[in-house]
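> Got a predicted model here, sequence first, then my questions.
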Amino acid sequence: MATITAPTSRKAAPPGILTHPATRKLLALALAAAILAPMAATQWPGTTWPTALTVDVSAPLGSASDWIIDNRDSHPLFLYFFGHVSNAVTIAVRAVYLALLAVGWAGVTAIGALVAWRAAGAKLALGTAAAFLACGLLGMWVPTMQTLALMVVAVLASVAVGALLGLAAGLSDRMDRVLRPVLDTMQVLPAFAYLLPVVLVFGIGVPAAVLATVVYAAPPMARLTALGLRGADKEVLEAVESLGTTARQRLLTARIPLARKELLLGVNQTIMMALSMAVIASVIGAGGLGDRVYQALASVDVGAALAAGIPIVLLAVVLDRVTGAAGERLGEAGKSPVTWLYVAATAVAVALAGRLAGLLDWPEAWEVDIAEPVNRAVDWMTAHLYSGVPVVGGTADWAAHFTSWVLNPLRDGLQWLPWWSVLLIVAALAWLIGTWRTALTAVLAMAAIGVLGVWKPSLDTLSQVLAAVAVTLVIGFATGVAAARSDRFDRLLRPVLDVCQTMPQFVYLIPVVALFGVGRAPAVAAAVVYALPAVVRITAQGLRQVDPAALESARSLGATSGQQLRQVQLPLARRSLLLAVNQGVVLVLAVVIIGGLVGGGALGYQVVFGLAQGDLATGLVAGAAIVCLGLMLDRVTQPTGRHTRKGA
């Protein structure tokens, strides 16, 4: 027996700490650093990325830009393809806009309310009618119709493109692998970065705005379509296949009907993404509400920006609620399809009555001017809060202290590190929570930034992103915990989060600049405001979905409220918390460009400068660097592979 058990005892001999995967990874990393660090320090003694390892892409990008400009009016590709696409988009948007004007404000309001009633019920129908009436009261009826026409065409095109891509990814594993990085790039690449090539091809105007919106809004539809098709019940599919149906019949009669909820959620997300592009698209001639907001930003007119921003928020909230409620009611017993005929007949009757009564244009006498009182309130806040506040100091002091105590040391520390040590740190962080493939992807993404020649500005941007994400997570986790524990607080918080999430960044950028001045601190503040709602929602939802049986068991053992949170809810909501971190990073990166307009500098400024000067190389290189930063941060913050399954 001894001779048999001896080998077993020798196998169990190593200390327990060495059997932990993280410990073994740390030892391997320490060994690699001990070998590679002296070699790298000898070969590349400087801190910044070596010039010899950079690739100059400005020349080929400049040549491509010149070729497009020289051939835009004569090459067959532009005359017989892009030209027809541009004309089709222009005609479609103009047709929808003229139809909305022909129906009149009474008809549009009635149609919106009736569709909302049919899809989601009477309560949302009243909310929809109130939202359209509020747009008129604010004096924004015509700009609202311009934006609505643009959004109708852009959403339809985005849904069509996204559904086709999702169909290909949902039915083919190979296409899914090919499209995944493409969709990632479309979603992470800053809109300002691809506005320039779109403008080069289509010129300033509505076609460029619609196509830029499609690039931004199509990925959610594609992802959710693929998810719905891949998640279809296999037993149902096998039953349909056993009946001798063809692949096309299975798709039309089984896969697509089973994926209805995912498809409708994709439409919902596409609408929200398209509306969030309304202001950015105005930079290239989209007009409508976005143009009003952009003009107000140029003149620092908070009241005018808010008057144009509120209708965007109202449209986003109404469309979100209606499509969300319609998705929840799918499959329920409700109104018959014949009801749609009554809805259409009623809408036509109301529109005709409005035309006969002369209720086409919103009466100017009914408009309410909110710009002046809002500007007075902002002036008061600026005068009383910007400086001279007793004890705590003014917002200008906060911004200065945050810049000097947090942003400057963080930026200087990152830029002081040798470039190879940054790559080692990235590899270590990514490998500790993932696999070697995760670490390799993160390192290659970071190295690509150096190869593109934007190492120092990228580290400056990274410092701002890290600071903004840290503030967002601290506030977001605390607020999410409070919302998960109190239904009343959750109900009070929800409209505030809706406004923060749907209000165009340009709108709240103005009061942020008024309160904090120009610089990197207001850029961080704007990013926090934009990213905070998603972190709060995901955190609260994750904590609410914790198994009640686990909480009840903890209570029965005498655990306090704080112990239940720390030892039960937070560990069980780990996946949701990691998703909150991921979304915080992505959304903060999305506002990096906006921060470039208010003194954020670094990559954000380079993208904006490239668009303003028509410099394709500067804008695209900075945009690609932001994508690489997003990819690296995603890999560093999200566990992958076997590590995820074991830790689940």
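Thanks, I have the structure now.

> Okay, helices next: where are they in the stretch 451-600 of the chain?
455-485, 487-502, 505-516, 520-544, 548-556, 561-564, 570-572, 574-590, 592-596 (DSSP state H, counting those that start in this stretch).

> Off-centre distance for the helix ranked longest in the chain?
Of all segments of type helix in the chain, defined using DSSP state H, the longest is helix 83-120. Distance of helix 83-120 from the chain centroid (C-alpha atoms, centre = their mean, to the nearest Å) equals 26 Å.

> I'd like to know which elements that helix is packed against.
helix 122-137, helix 141-171, helix 206-230, helix 302-328, helix 338-356 (3 or more C-beta pairs under 8 Å, 6 or more residues apart in numbering; DSSP states H and E). For the C-beta atoms, the positions are set from N, CA and C on the backbone; glycine is no exception.

> Can you list the low-confidence ranges for the stretch 1-150 of the chain?
Within the stretch 1-150 of the chain, the ranges that satisfy pLDDT under 70 run 1-26, 29, 33, 35-37, 39-46.

> Where does the prediction get shaky in the stretch 401-550 of the chain?
For the stretch 401-550 of the chain, the ranges with pLDDT under 70 are 501-508, 510.

> circling back: buried deepest among the helices of the stretch 451-600 of the chain, which one?
Of all these, helix 592-596 has the most neighbours on average by mean count of other C-beta atoms under 10 Å, namely a mean of 27.

> In terms of secondary structure, what does the helix or strand just after it contact?
Past helix 592-596, further along toward the C-terminus, the next helix or strand under DSSP states H and E is helix 602-613. Counting contacts by 3+ C-beta pairs under 8 Å, 6+ apart, helix 602-613 packs against helix 191-202, helix 455-485, helix 592-596, helix 616-637.

> nearest to Pro50, of those helices?
helix 455-485 (9.5 Å; C-beta to C-beta).

> packing partners for the closest one?
Using 3+ C-beta pairs under 8 Å, 6+ apart, helix 455-485 sits against helix 408-416, helix 487-502, helix 520-544, helix 574-590, helix 592-596, helix 602-613, helix 616-637.

> Quick one: closest of the helices and strands packed on helix 602-613 to Ala218.
Closest to Ala218 of the helices and strands packed on helix 602-613, according to C-beta to C-beta: helix 191-202, at 12.6 Å.

> That closest one relative to helix 616-637, how many degrees between them?
Taking axes from the mean of the first three to the mean of the last three C-alpha atoms, to 10 degrees, one finds that helix 191-202 is oriented at 140 degrees with respect to helix 616-637.

> Quick check: Val368 touching Met140?
No - Val368 lies out of contact with Met140 (C-beta atoms under 8 Å); the separation is 10.8 Å.

> and the gap between Thr346 and Ala559?
Between Thr346 and Ala559 the computed distance is 57 Å (C-beta to C-beta, to the nearest Å).

> and if you look at Val350?
In terms of C-beta to C-beta, Val350 sits 59 Å off from Ala559.

> I'd like to know which of the helices and strands packed on helix 455-485 is closest to Tyr294.
helix 592-596 (11.7 Å).

> Quick one: mean pLDDT for the closest one?
Mean pLDDT, helix 592-596: 69.

> now the helices and strands packed on helix 602-613 in TSV, with distance to Thr395?
What follows is the helices and strands packed on helix 602-613, written out as TSV (distance: least, C-beta to C-beta, whole Å):
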stretch	distance to Thr395
helix 191-202	27
helix 455-485	15
helix 592-596	17
helix 616-637	28
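
> Indicate which one of these is closest to Arg537.
helix 455-485 (7.5 Å).

> Spit out the contact partners of Ser58.
617-618, 621 (C-beta atoms under 8 Å, 6 or more residues apart in numbering).

> least confident pick among those residues?
The member of the contacts of Ser58 with the lowest pLDDT is Ala617, at 75.

> now, of the helices and strands packed on helix 83-120, which is deepest in the fold?
Most buried among those, counting by mean count of other C-beta under 10 Å: helix 206-230, with a mean of 25.

> still on that earlier bit, out of the contacts of Ser58, flag the one nearest to Ile425.
Distances from Ile425 to the contacts of Ser58, taken by C-beta to C-beta, are shortest for Val621, at 23.8 Å.

> Enumerate every residue touching the nearest residue to the closest one once chain neighbours are set aside.
Nearest residue to Val621 in three dimensions, chain neighbours excluded: Leu452, at 5.2 Å (C-beta to C-beta, 6 or more residues apart in numbering). By C-beta under 8 Å, 6+ apart, the contact set of Leu452 is 54-55, 57, 621, 624-625.

> ok, of these, which come out buried?
The neighbour-count test (16 or more other C-beta atoms under 10 Å) marks 57, 621, 624-625 as buried among those.

> list the helices and strands the helix or strand where Arg292 lies packs on?
Per DSSP H and E, Arg292 falls inside helix 288-298. Other helices and strands packing on helix 288-298, by 3+ C-beta pairs under 8 Å, 6+ apart, are helix 141-171, helix 278-282, helix 302-328, helix 505-516.

> Is it possible to get JSON lines of these that adds distance to Gly104?
Below are the helices and strands packed on helix 288-298 laid out as JSON lines (distance: least, C-beta to C-beta, whole Å):
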{"stretch": "helix 141-171", "distance to Gly104": "10"}
{"stretch": "helix 278-282", "distance to Gly104": "23"}
{"stretch": "helix 302-328", "distance to Gly104": "17"}
{"stretch": "helix 505-516", "distance to Gly104": "28"}
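
> so which of those comes closest to Ala32?
Nearest to Ala32 among those is helix 141-171; the distance by C-beta to C-beta comes to 37.0 Å.

> how about the helix or strand just after the closest one as PDB, C-alpha atoms only?
Counting by DSSP H and E, the element after helix 141-171 in chain order, helix or strand, is helix 173-188. Below are the C-alpha coordinates for helix 173-188, written out as PDB (Å, rounded to 0.1, in the frame of the first residue of the first chain):
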ATOM      1  CA  ASP A 173     -20.100  30.700 -38.500                       C
ATOM      2  CA  ARG A 174     -17.500  31.900 -40.900                       C
ATOM      3  CA  MET A 175     -19.400  35.100 -41.700                       C
ATOM      4  CA  ASP A 176     -19.900  35.700 -38.000                       C
ATOM      5  CA  ARG A 177     -16.200  35.500 -37.400                       C
ATOM      6  CA  VAL A 178     -15.500  37.900 -40.400                       C
ATOM      7  CA  LEU A 179     -18.200  40.400 -39.400                       C
ATOM      8  CA  ARG A 180     -17.500  40.600 -35.700                       C
ATOM      9  CA  PRO A 181     -14.300  42.800 -36.000                       C
ATOM     10  CA  VAL A 182     -16.100  44.900 -38.700                       C
ATOM     11  CA  LEU A 183     -19.000  45.600 -36.400                       C
ATOM     12  CA  ASP A 184     -16.700  46.300 -33.500                       C
ATOM     13  CA  THR A 185     -14.900  48.900 -35.600                       C
ATOM     14  CA  MET A 186     -18.100  50.500 -36.800                       C
ATOM     15  CA  GLN A 187     -19.300  50.800 -33.200                       C
ATOM     16  CA  VAL A 188     -16.100  52.000 -31.600                       C
END
